[in-house]
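Asker: below is the structure, and that's it, no one-letter string:
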């Protein structure tokens, strides 16, 4: 298994670790940071999530730079990203750190675009590559999760979450618009 694929597997392994840290909320007390009460578990979860998020950038960069793109990587990398982000967002809702309606839109878009990608591959072997709005969406998702876990200091996490929502909607529309020929004559 090459290095980018190992990083992807490592990211997948970090997901249950991230969950356990939040579930068992380590009793280190609450920290007072700029009028927010965040727990040690929130800080640790944010660090774990940040490390996992960085592996997303790193595995893709290494795979392209070294010509190590594999079918496993094409499959597992986006899956790992979705699993990581959706898990974090579900926890955000349960912890009252993010509004459920925003997260529902994000999750529905992720599922719809994943379905579109599968359809395109099945039809003609075309892999729907990530475009800049989708990359911005992913970056704002990951950053919003980190800042929300860290107490949403100066509302940075909230601003990033709503920016993420805008790019979620726009990039979803863009992917479907660019692939509209797939559904030609069926509607």
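Answerer: Done, it's in. This one's a predicted model, so the numbers in the text were calculated from it and none came from an experiment. Residues are numbered from 1 along each chain as shown.

Asker: can we go C-alpha only for contacts and neighbour counts from here?
Answerer: Noted.

Asker: by mean pLDDT, which helix or strand of this structure comes out lowest?
Answerer: Within the chain, confidence by mean pLDDT, DSSP states H and E is lowest for strand 30-33 among all helices and strands, at a mean of 51.

Asker: show me the helices in the protein, by range?
Answerer: 3-23, 40-66, 71-94, 100-124, 132-149, 156-178 (DSSP state H).

Asker: deepest-packed of these, please.
Answerer: Using mean count of other C-alpha atoms under 10 Å, the stretch among the helices of the chain with the largest mean neighbour count is helix 132-149, at a mean of 21.

Asker: tell me the helices and strands packed up against that helix.
Answerer: With contacts taken as 3 or more C-alpha pairs under 8 Å, 6 or more residues apart in numbering; DSSP states H and E, helix 132-149 sits against helix 40-66, helix 71-94, helix 156-178.

Asker: let's see it at 6 Å
Answerer: Counting contacts by 3 or more C-alpha pairs under 6 Å, 6 or more residues apart in numbering; DSSP states H and E, helix 132-149 is packed against helix 40-66, helix 156-178.

Asker: residue 69 reaches residue 63, doesn't it?
Answerer: Yes: between residue 69 and residue 63 a contact is recorded at 5.2 Å, counting by C-alpha atoms under 6 Å.

Asker: OK, contacts around residue 98?
Answerer: residue 92 (C-alpha atoms under 6 Å, 6 or more residues apart in numbering).

Asker: sorry, back to before: nearest to residue 184, of the helices of the chain?
Answerer: helix 156-178 (11.4 Å; C-alpha to C-alpha).

Asker: the closest one to helix 100-124, inter-axis angle?
Answerer: 30 degrees (axes from the mean of the first three to the mean of the last three C-alpha atoms, to 10 degrees).
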